[in-house]
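Participant: Build me a model from this:
(chains A and B)
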Amino acid sequence: MRAFATHFAFEFRTGLRDKNLLLLNYLFPLGFYVMMGVMMGQINPLFIQTMIPAMAVFAILSATVLGLPNPLVEGRENGVFRSFKINGVPSLSILSIPATTTAFHAIIACFVIALTAKPLFSAPAPVNWLAFALLCVLAAFTCAGLGALIGVVSANTRVTILWSQLIYLPSMMLSGMMVPTSMLPVALRKVGMLLPSTYAMHAFQGLAQGQTTDIQPWAAVGILVAGGILAFGLALYLFSWDSRNTTRRGHPALAMLALLPYIVGAVIF
Amino acid sequence: MSEAAVQVVNFRKRYGPVVAVDNISFEVSRGEIFGLLGPNGAGKTSTLEALEGLRSADGGTLRVMGVDPTREAHKLRDIIGVQLQTSGLPGSMTVREAMRFFCAYHRVPERVDLLQRLGLSEKMSAQYATLSTGQQRRLSLALAVAHNPPVVFLDEPTAGLDVATRIDLHEMMRELRATGTTIVLATHDMAEAEKMCDRVAILLRGRIAAIGTPRELTATGSGFTKVSVRTEKGSLTRSDAAFPGVARKTVQEDYVVYFTTSVGATLSAILAHIEANGDPLIDLRVERPTLEERFLEITNGGGAR
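Facilitator: This next block holds a predicted model:
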């Protein structure tokens, strides 16, 4: 317990101390939120209706999918994990503690957005704050799982950026954060359903904001839970202590299995 | 339980078609400082990493205090301390956090005293990435021994360090030995190995080319001891006298240097010669062959056993 608390405290402080992580955990999502509130309020007043879920999902993606993988790759490449292994730090802690602290930072950013969006931009506040809080936790868990998986299977930080952007950029356009998914062409809507952010948006809108959604919100929750568990399971399975040690339990391509719940979702809905 | 702290029996390790370590065996006694020497690629790091549980063996048996490093990793972590060659710490971790972190995982009280002992008390809040190489090495050593492990592995502990830091680390190693800690040291520094190690093994192309105390190893080489003599009138420079045991003679500046296999006989003859010539002695030096010379002899000549 003492080891967990010490490790957690260190990782949490790192999320604030490290300039890159501070940027991705707070400065970038909150700065983008303010910019979107000022600009989109005038350009597209409809955006204000979904502003809180959209910016919450944005903050979660920024911290987890963009911020989480690189420290994992660097830890492996720089021999940090070798040192951890020798000193008895389990792989579960190496993956789950940074993921948890990152999720923590993302949830704080989500609440800053949810608490300020109404007074600053007249965005409708969540009608169910408990659901909002629980969905923040769930979305952060699912996206942190994906972030951890990207960190585990990427050979270096350049590959990490590639994989992260492959999730992040389409999420901006196709998950309902900027434009409602109902306005997208059917093909793009299907592509959007391969992304966790789409399900997170629907869950937030349906359960926290009390808005109507294309996808059953509880089904979206189920897919997010399955996606998170699968991503973390695969990250643990494919975890490697050491880039010089070529033996690992499975081929990195197995990571693609993490998309399975979203593929099922795309087929069903 | 065996008296050996470390046992390596017929250890083999290969990476694809490359055999990194080829059937080596050795033992390290408790409380001993044992040096692993060898050129790059000789198999030192593979051997150390297998003993540290970072790599599995392709053949043979490894034991550290009776524990199998691969199968009993959970036991191994409390009985070994490791100073890795590479950094091994997150750049943003402070010195104090690092000590707190590792002590927490080893379930021992925080060892701030070690940080003070190694001159890091003013760097407690400094992040690892901002430390100098010497400070990083000292921190790494402090972390390796914080939980009082009976066996410590040091991989190039003094590489790139200034003289003062090197002396500090050597002092620390002596203190550890005095408390009964076994140290396995991989190094390229022959002077360090000769000074610090009770025994050394020279690895060459994955095999043990020589093993023994530094004195034994230097004695089993070509065996030449260097006798350098300087006299006032330079009678030895001009002399063609053949002294017993001398294989070779050279002149280096004002000194006449003899390479001999029989130091006593050579010295007696030289002293008799200069006395007979009325040539007063200014300086006389006797230098045994160094471990470095023996190492070069082995690595250049090959001949693993």
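Participant: and the stretch 1-150 of chain A, which of its residues are near chain B?
Facilitator: Within the stretch 1-150 of chain A, the residues that sit near chain B (C-beta under 8 Å from any C-beta of the partner chain) are A:2-3, A:5-7, A:10, A:14, A:17-18, A:71, A:75, A:78-80, A:82-83, A:85-89. The way it works is simple: take the backbone N, C-alpha and C, and place the C-beta from them, glycine included.
Participant: run the last query once more with 10 Å
Facilitator: A:1-7, A:9-11, A:13-15, A:17-19, A:21, A:71, A:74-75, A:77-90, A:93 (C-beta under 10 Å from any C-beta of the partner chain).
Participant: Tell me which residue in chain A sits closest to chain B.
Facilitator: Closest residue of chain A to chain B, C-beta to the nearest C-beta: A:Ser83 (3.3 Å).
Participant: mind listing what's buried in the longest helix seen in chain A?
Facilitator: As assigned by DSSP state H, the longest helix anywhere in chain A is helix A:91-121. Using 16 or more other C-beta atoms under 10 Å in any protein chain shown as the test for burial, helix A:91-121 gives A:91, A:93-114, A:116-117, A:121.
Participant: rewinding a little: now the closest residue to the residue of chain A closest to chain B other than its chain neighbours, what's its secondary structure?
Facilitator: In this structure, A:Ser83 finds its nearest non-sequential neighbour in B:Gly88, 3.3 Å apart by C-beta to C-beta, 6 or more residues apart in numbering or on different chains. The three-state label given to B:Gly88 by DSSP: H, G, I helix; E, B strand; the rest coil is coil.
Participant: burial of the closest residue to chain A within the stretch 201-305 of chain B, as a residue count?
Facilitator: Chain A sits closest to B:Gly206 of the stretch 201-305 of chain B, with a gap of 17.3 Å, by C-beta to the nearest C-beta. As a burial measure, B:Gly206 scores 23 neighbours (other C-beta atoms under 10 Å in any protein chain shown).
Participant: Now do it, the pLDDT please.
Facilitator: pLDDT for B:Gly206: 91.
Participant: And A:Arg244, by the same measure?
Facilitator: What the model reports for A:Arg244 is a pLDDT of 69.
Participant: got it, and the one 3 residues further on?
Facilitator: We have a pLDDT of 64 for A:Thr247.
Participant: so where's chain A uncertain?
Facilitator: Residue ranges of chain A with pLDDT under 70: A:244-247.
Participant: before we move on, back to that, residues contacting the residue nearest to A:Ser83?
Facilitator: When contacts are counted by C-beta atoms under 10 Å, 6 or more residues apart in numbering or on different chains, B:Gly88 touches A:78-84, A:86-87, B:82, B:98, B:128, B:136, B:139-140, B:143-144.
Participant: Over to A:Val221?
Facilitator: Going by C-beta under 10 Å, 6+ apart, the list of residues near A:Val221 reads A:Ala131, A:Leu134, A:Leu135, A:Leu138, A:Ala139, A:Tyr199, A:Ala200, A:His202, A:Ala203, A:Gly206, A:Leu207.
Participant: Those residues in helices, which ones?
Facilitator: Mapping the contacts of A:Val221 onto helices (DSSP H) picks out A:Ala131, A:Leu134, A:Leu135, A:Leu138, A:Ala139, A:Tyr199, A:Ala200, A:His202, A:Ala203.
Participant: wouldn't the last one be in contact with A:Gly227 here?
Facilitator: No. No contact is recorded between A:Ala203 and A:Gly227 when judged using C-beta atoms under 10 Å, the distance being 11.8 Å.
Participant: Check the secondary structure at the residue nearest to A:Ser62 when sequence neighbours are not counted for me.
Facilitator: Of all residues not flanking A:Ser62 in the chain, A:Pro29 sits nearest, at 4.6 Å (C-beta to C-beta, 6+ apart). At A:Pro29 the chain is in helix, as set by three-state DSSP.
Participant: And the buried ones among the residues of the stretch 1-150 of chain A next to chain B, selectable in PyMOL?
Facilitator: Buried residues among those (16+ other C-beta under 10 Å), as a PyMOL selection:
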select buried, chain A and resi 3+6+7+9+10+11+14+15+18+21+71+74+75+77+78+79+80+81+82+83+84+85+86+87+88+89+93
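Participant: rewinding a little: quick check: neighbours shared by A:Ala203 and A:Gly227?
Facilitator: Contact criterion C-beta under 10 Å, 6+ apart; residues shared by A:Ala203 and A:Gly227: A:Leu138.
Participant: show me what contacts residue 183?
Facilitator: You didn't say which chain, so I picked chain A. If you count contacts by C-beta under 10 Å, 6+ apart, A:Met183 has them with A:Leu46, A:Gly176, A:Arg189.
Participant: I was after chain B.
Facilitator: B:5, B:28, B:31-35, B:81, B:145, B:151-154, B:157, B:173-174, B:176-177, B:196-198.
Participant: Could you pick out which of those residues are located in strands?
Facilitator: B:Ala5, B:Val28, B:Ile33, B:Phe34, B:Gly35, B:Gly81, B:Val151, B:Val152, B:Phe153, B:Leu154 (DSSP state E).
Participant: Now for the residues you listed: which two are most distant?
Facilitator: Of all pairs drawn from these, the greatest distance, 17.1 Å, lies between B:Gly35 and B:Gly81 (C-beta to C-beta).
Participant: Among the residues of the stretch 1-150 of chain A next to chain B, which ones are in helices?
Facilitator: A:2-7, A:9-11, A:13-15, A:17, A:19, A:21, A:71, A:74-75, A:77, A:80-86, A:93.
Participant: Now do the contacts for the residue of the stretch 151-300 of chain B found nearest chain A.
Facilitator: In the stretch 151-300 of chain B, the residue that lies nearest chain A is B:Phe153 (8.9 Å; C-beta to the nearest C-beta). Shown in contact with B:Phe153 (C-beta under 10 Å, 6+ apart): A:86, B:6, B:36, B:47-49, B:51-52, B:64, B:80-84, B:144, B:182-186.
Participant: What's the separation between it and B:Val184?
Facilitator: 5 Å (C-beta to C-beta, to the nearest Å).
Participant: residue contacts, the residue lying closest to A:Ala103 once chain neighbours are set aside?
Facilitator: Closest residue in space to A:Ala103, ignoring its immediate chain neighbours: A:Ala140 at 3.5 Å, by C-beta to C-beta, 6+ apart. If a contact means C-beta under 10 Å, 6+ apart, then A:Ala140 has A:56-57, A:59-61, A:63-64, A:99-100, A:102-107, A:109-110, A:147, A:200, A:228 as its contacts.
Participant: Could you rerun that using 7 Å?
Facilitator: Neighbouring residues of A:Ala140 by C-beta atoms under 7 Å, 6 or more residues apart in numbering or on different chains: A:Ile60, A:Thr64, A:Ala103, A:Ala106, A:Ile107.
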